[in-house]
Each structure stands twice: as C-alpha cells, then as structure tokens.
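**Student:** sequence first, then the predicted structure:
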Amino acid sequence: MSHRLVDQFVHPLDPDRHGSKATRLAQVAHLGARVPPGLVIPAPVHTAALQKAAGAPPRVSRELAGALQEGLAALGPAPWVVRTSASTEDLPGASAAGLFRSELGLRDAAGVVAAVQRCWRAAHAERVSVYLGASGRGDAPLPAVAILVQRQVQARWAGVLFTRDPRQGPDAEQLRCELVRGNTTAVTAGLLDPVTHLLDRSGHSRPPLPADAGVSAPDLVALAGLAEQAAAGPADVELALTDTGIVVLQVRPITAYGHHRNPAQELRDGGLDWRWDAEHNPAPLSPLHASLVQRLDRLPTLPFRMRCVGGFLYTTPRPGSGASSPESPEQIQGAWPNRRKTLEKRLATLEHLAAADAPLTALLTAFEEFYERYAALAGAPFASSHRHLAARLDNALARGHMTREQLPEALGGVATPLTTALTTLAAQAAAHPGLVDRLTEGRDVSTDTQGTALESGLAAVIRRLGALPPVWDVAVPTLGESPAALRRTVAALAKSGARPAAPPDSPDSIAPDLLNLAADEEDDLLFARGLATLRHAFLRAGSLLAGSGRLDRPEQVFRLALRPLLEALDAEPGSGHTADLRPLLAPITDLSSEGSTGRAFPDRGPLRGHGSGGGTVKARALVISRLDGQAEDLAGKARGRIIVCPSLLPSTVVLLAGASGIITDHGGLLSHGAILARELGLPAVLGTLHATAHLATDDLLWMDADQGLVIRLL
C-alpha cells in the first residue's frame, strides 16, 4: 500500500492530515472501543487533486485507484463505506453535521473510486460555503478533505448516544440514547422515529434496552467514558449494535445544548414506551379534548393507550394488543374498502344522533363506539403502514438504490385529496384573471359561467373535506368553518402557478399504490367527521350554558373538563351544579410567542432534518408556533417566506400558497408536510425537532431540501 496516497487507519493520526473524524475514531479504537477497520486518503492528496484539476472537479488518479484497490483487498469483503473527514467538520462548537458526504453499500473498487470523487466535490458545495459564512468563517480557506474508507457493518439496532443529555447541559449525569432497527441513517436522517432510552451513570436504562440488542446499559455507559476521552468532553456517538457487540461509527463533541419547549418529552410508566404524538398534536390539547382523551383511554379494546402530560398527547401500544404482528401495507390496502363501510355505518349513527339533538352523553357513547372500531380498523393499521413504507425508503437510501435528490421523482404523484382539489380549482381560476382578483378581494365570483363552476367546486371541497382541522382538537375550528380562507388559498395558488401533482413516470417509484393509500387521508377524513360532530355538539352545549349565564360565550366550553360539563348539562335546578362555571375554566396554553422572542438554541450551527427534495432556497422565515386559529390570519403573510412550524396537516395548505419553502419540527418522508411540499413543488426540510425554537420570524435562512439542511444567515 502506498503510504503517500493511502495511510493506515491506526492511532495516532494527525487531524491536519487525516481530519478530526478519522483521528478521533482511531483514538477511541486505541482506547478499547470497536471501530470498523479502514484506511485513510490524507487531505494533501485532495489538495493535489484540486491543483491538478485547475478549476474542474478533482478526480482520483490512476495511482490512487491502484492504492485503493490494494487497500480494499486488505480490509476484507464488501460492502464498504466512504466518508469525508474534513478539516471543518466535527470540531468543538462547529460540527457541520450533514454538510459533507457519506456513501454506503459500495461493492467494488470502481464504486469506491467514484464515491471518493463525489465526497471531494461535496466539500465545495454551496451548503459548505454558506455554513462557513454563517458561522463567521467565510474567509476561511477551502476545507482540506481526508477520506475515510471502512468496512460496513450489519446492525441489529443502530443510533446515537449522547454522553450528556443535551437537553440538560454539559454537566448532565443522564445519558440519552436513540435507537432504531437497522442502520444509523434512520436516526441521523430522521427517516424513522427512534426509541429514546435514558441512562444513568450506574447503568440503568429507562425503558430497558431491546432484548435482542445484545448489549447492556453498563456497556453503553462504559463506551460513553471512552468517547468523552476521545472527544475531550461530552460526546455525540453514532453506533451500531451487532451480533458481536457495540461498533462505534463516529465520535464528535456535542456542540449545542438547549431545552425543547415541550416540558414533558418522555413519559415512562410501568416499562411502557410512551411517545409524544408530535406530528398530529405538537401543541398542548385544550382542557376539554384532554379529558376526552382520558375517557377514550378507558376503552379496553383500543390497541394503544393514551395519556396527556402537561397538555401534550402521548401514546403507547397496549400490552397484549397484537401490535407485535402488524399488517403489511398490501394487507391494509386489500381490507380497506370493507373496513371503510364499517366505519361509515358507525359515523352515520353518530351524525344521526347529532342531527336529532340527542343528549351529549348519547353522542359521547356513539363516538366511543366509532372510535373503538376506527382505532382497530384504521388508526393503528395506517400508522403501521407509514412506518413500514418509511423503512422501505430508508433501505433504498442506505443501499444506494436512491439518492435524496431523486426523492421528489420517486415519490411524485402522491397527493392528498384536499391539495389536489384546491390546485385543480386554482388552475381553473388562473385561466380567468378576473376570477383570481375577485377571490382575493372576497367578492362574489358566481357572476358568470366560470365563476359559478368555481363556486360549485369550492362548495364540493367543503362538503367532502371541510371537517378537517389544522390539529386534532375539538377546540380548533375546521376548514369548513373558514370558507373565506379557502377562497384566498385558491387565489394564492393560482397566482403561484400551482398545478395538481402529476403521476410518476419513473420506474424507480416506491410502491406508488401503497404510498397513495398512505396519503389518501380517508382514515383522517373519517376521524375528522367524527371529531367535527362532537365539536358542534360541544358548541351547542356551550350556547346553552352561555344562554343561562354560566359562561360568557359558547367557545369557553372547550376550557372545561368533560365531567363538570356533563354535570352542568344534567343538573336539576337547585342541585348545586347550576352555579357559575367560569371559575372552573382552565387556560388553553398559548405557545404563540415562542419562536419569535428569544431562542432556545443560540448557536449558529445547521439544523438537520430529512429533505423532501426541491433544491436550495434563500428567504426570510415566518415562524408559526401553533396552527390552531392562526392559519387564516397568517395566510396572506406567507408569500415569499419559508414557513417554519411544528408540523403540517393537509388542512394547513392555506399557509403554503406562495411560500418559498417549508421547515417543520416533526414529520418524516411520508408525513403530511412532505406530501404537501412535493405536491406544491416547495423545498422542504422536515423533522428538525427544534426549528420553531431555534429560528425567529424575519431570520434570513438558506435551506437545502435535497440534503435536509437549514442554515440561519442573519
């Protein structure tokens, strides 16, 4: 092996020659951790290739290709991994996480050579120069890039270990480990939601580590000690749990600490794995909806448990519910027509009782009967289908069958019915500019044939989809309650040139029929109809109580818990339950100021999420910390902005017309936000976890929706 072109991956290495990543990994291996064997192409080889290229992309020389082939033979059989180890990444205070490149699943020397060239080019990508400028290093020289080539490991479980819980600060005694089945891509890229394990220094984990992980909590605590020696402080460790133990894939210093705005991210009870339902309910629930959740949780046949902590909704599989043998997406697709009929019958009963002004107790019983069937036939199976499809995408990306830049094409044509309907109407309106002006100004559009057809289309959208809310809470008005916002959305979509999503014509599309099933929202529409029926019943009850002077206005009913509400409605005169209810009103937590007053994360490092595709964009931010009640007011301010919000449901398309991009705290490649972004052709970075806490309205942002990166410029 030529030691001028390829160096051995053995401690000690020189960070100037081999980069911090390779140097630190070699050190932690020297301390006793298991690290995949490898070799290093030193940074001066990259510098020489740049000089020889004279402005063209640097290429691997014939001599280097030969040295690589010799080195790969010594490493052992494929697959191999190629990763950058640049002078500007994995540094204290500046991780540059995700800015450079790694390639997995390489099976021959030619593939490794090509990957080395792509990794070299990545060092000069726009995102790197933007990051250096934003972090005050815009005048720094071009990064010197070493390349680390290693054997790829087969992992049972993989993930990230923080040797100090980053939510608690650098002196935290608690460790935080996030694991998924498979490889680390699923965690670091946000493709799958990890299971979070909190460990103390004595070697106890909450919840316990997976039984088939093959390692113990004390093993992880011992590894944390080695990693902190290598990182000279608190460390962020990527690891794989294999048949033979823990394998360390990366060690870098933890560069940022901060508390997430949610005061209760984890709930551990009886060993159950409680998960915050952040994508659907990122903000605290109203008091009435929270007490409705408590009532529904008592239903013994639900396949999951529910609980509210600090107003936030958590769920966990119910022990013994059969969730260990989930249905495949194909099975769900085949069974769905009959299941939909069953749920329609239950809904018809609920809606009939509501139309007959039945007592609220009767409506609640009918809703419980509907919800039991809904949870078993739609809710849990569709959630399982989403996880299954996300895993398929993860495997396709990890094995090199697809790049992130190809995601929009591979997932093209996946459309939600609401956005399809609105973009279709927008295309009709765009053909008649006068219609767009009338929609924008809120004037009557049904003055000619085209306007009458458009008005009829809007009415059809409200009839079919008007029950959808921005978030799942009975206190939040539905889409159908804001028809003026729908009209403005159609006008804005028409001005932006939006068109319905075209079906994919790529042979590499990932199960388009199954993806459309996941996106079709039929399960959400059924649930939305049931919830809207309850909402209107609660408002009728609020009107009765306001009419008798026990509330000031009907909407205050959502600030009552369910029990005092039912007691007040059933009370006889003089029973003691006819008193003023206003002292019982609980506040609805308001997070609307967050994201615009101060930052929980003051560092200037990049935010990472999973990119839904769409390239790069630079624009000012519009931060929306909660969606209920703000969508209509903020819709007109979205044009030209990058929308930053906790999550997106289809009904929040009102915010996106004319926007430049989307950033969310929560959601994956199959989330509502990802689907909406692809439909509207918007760049999107999803599942960043902390965007609404990190960013503020009017921040100038640069985002790369192919790589899943967001950088705050100023």
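**Tutor:** Ah, there it is.
**Student:** how about the residue lying closest to Glu481 once chain neighbours are set aside, what does it touch?
**Tutor:** Of all residues not flanking Glu481 in the chain, Gly466 sits nearest, at 7.8 Å (Cβ to Cβ, 6 or more residues apart in numbering). (C-beta placed from N, C-alpha, C; glycine too.) Contact analysis of Gly466 by Cβ atoms under 8 Å, 6 or more residues apart in numbering lists Thr478, Leu479, Gly480, Glu481.
**Student:** now with 7 Å, please.
**Tutor:** Listed by Cβ atoms under 7 Å, 6 or more residues apart in numbering, the contact set of Gly466 reads Thr478, Leu479, Gly480.
**Student:** so how far is Val471 from the second one?
**Tutor:** Read that as Leu479. 12 Å (Cβ to Cβ, to the nearest Å).
**Student:** still on that earlier bit, could I get the phi/psi values of the residue nearest to Glu481?
**Tutor:** Main-chain torsions, Gly466, degrees, to the nearest 10: phi -70, psi -20.
**Student:** count of neighbours near Leu534?
**Tutor:** 20 (other Cβ atoms under 10 Å).
**Student:** surely Arg346 and Arg373 touch.
**Tutor:** Yes. If you go by Cβ atoms under 7 Å, Arg346 and Arg373 touch, sitting 5.5 Å apart.
**Student:** can you check which residues contact both of these two?
**Tutor:** With Cβ under 7 Å, 6+ apart, Arg346 and Arg373 have no common neighbours.
**Student:** I'd say Ile332 and Pro381 touch.
**Tutor:** Yes. Using Cβ under 7 Å, Ile332 is in contact with Pro381, at 4.9 Å.
**Student:** Pro683: how many residues sit nearby?
**Tutor:** 24.
**Student:** pLDDT wise, what is it at?
**Tutor:** If you check Pro683, the pLDDT there is 88.
**Student:** list the contacts for it?
**Tutor:** Contacts for Pro683 (Cβ under 7 Å, 6+ apart) come out as Gly614, Gly615, Val617, Gly661, Met703, Ala705.
**Student:** what's the separation between the first one and Arg620?
**Tutor:** When Cβ to Cβ is applied, the distance between Gly614 and Arg620 equals 18 Å.
**Student:** can you pull the contacts of Arg368?
**Tutor:** Check again: residue 368 is Glu, not Arg. Counting by Cβ under 7 Å, 6+ apart, Glu368 has contacts Leu296, Leu299.
**Student:** where's it relative to Ser286, distance?
**Tutor:** Taking Cβ to Cβ, one finds Glu368 at 19 Å from Ser286.
**Student:** same check, this time on Gln152
**Tutor:** In terms of Cβ to Cβ, Gln152 sits 49 Å off from Ser286.
**Student:** give me the more crowded residue out of the two.
**Tutor:** The neighbour comparison of Gln152 against Ser286 (other Cβ under 10 Å) goes to Ser286, with 23 against 19.
**Student:** Three-state assignment for the closest residue in space to that one that isn't next to it in sequence, please.
**Tutor:** Excluding the flanking residues, the one nearest Ser286 by Cβ to Cβ, 6+ apart is Ala475, at 3.6 Å. Ala475 falls in the coil class when you classify it by DSSP: H, G, I helix; E, B strand; the rest coil.
**Student:** more crowded one of Gly614 and Arg620?
**Tutor:** Gly614 (23 against 13).
**Student:** so who does the more buried one touch?
**Tutor:** Contacts of Gly614 (Cβ under 7 Å, 6+ apart): Pro408, Ala677, Gly681, Leu682, Pro683, Ala684, Ala705.
**Student:** most neighbours, which of these?
**Tutor:** The most crowded member of those, judged by other Cβ under 10 Å, is Ala684 (33 neighbours).
**Student:** that residue reaches Leu656, doesn't it?
**Tutor:** No. The criterion here is Cβ under 7 Å, and Ala684 misses it with Leu656 at 9.7 Å.
**Student:** mutual contacts of the two, please.
**Tutor:** Contacts common to Ala684 and Leu656, judged by Cβ under 7 Å, 6+ apart, are Ile662.
**Student:** ok so, going back, so how far is Val476 from the residue nearest to Glu481?
**Tutor:** For Gly466, the distance to Val476 - Cβ to Cβ - is 13 Å.
**Student:** and if you look at Gly169?
**Tutor:** With Cβ to Cβ as the criterion, Gly169 and Val476 are 35 Å apart.
**Student:** of the two, who's got more company?
**Tutor:** Val476 (23 against 13).
**Student:** quick one, phi/psi of that one?
**Tutor:** Dihedral angles for Val476 - degrees, to the nearest 10 - are phi -100, psi 130.
**Student:** so where's the stretch 601-714 of the chain shaky on pLDDT?
**Tutor:** Scanning the stretch 601-714 of the chain for pLDDT under 70 picks out the ranges 601-605, 626-636, 649-655, 657, 669-673, 675-676, 678-679.
**Student:** which residues of it fall in strands?
**Tutor:** Taking DSSP state E, counting those that start in this stretch to define them, one finds strands in the stretch 601-714 of the chain at 607-608, 610-611, 616-623, 642-645, 661-664, 684-686, 700-704, 709-712.
**Student:** what packs against the fourth one?
**Tutor:** The reference is to strand 642-645. strand 616-623, strand 661-664, helix 691-694 (3 or more Cβ pairs under 7 Å, 6 or more residues apart in numbering; DSSP states H and E).
**Student:** let me have these in CSV, extended by distance to Ala73.
**Tutor:** Converted to CSV, these look like this (distance: least, Cβ to Cβ, whole Å):
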stretch, distance to Ala73
strand 616-623, 40
strand 661-664, 45
helix 691-694, 46
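**Student:** and those: which comes nearest Ala227?
**Tutor:** Smallest distance to Ala227 across these (Cβ to Cβ): 25.3 Å, for helix 691-694.
**Student:** just list what the closest one packs against, helices and strands only.
**Tutor:** strand 642-645.
**Student:** neighbouring contacts of the strand it packs on?
**Tutor:** 595, 617, 619, 621-624, 627, 655-656, 659-664, 691-692, 695, 701, 703.
**Student:** how about the closest residue to Ala230 other than its chain neighbours, secondary structure?
**Tutor:** If the residues on either side of it in the chain are set aside, Ala230 comes closest to Val28, at 4.1 Å by Cβ to Cβ, 6+ apart. Taken by three-state DSSP, the conformation at Val28 corresponds to helix.
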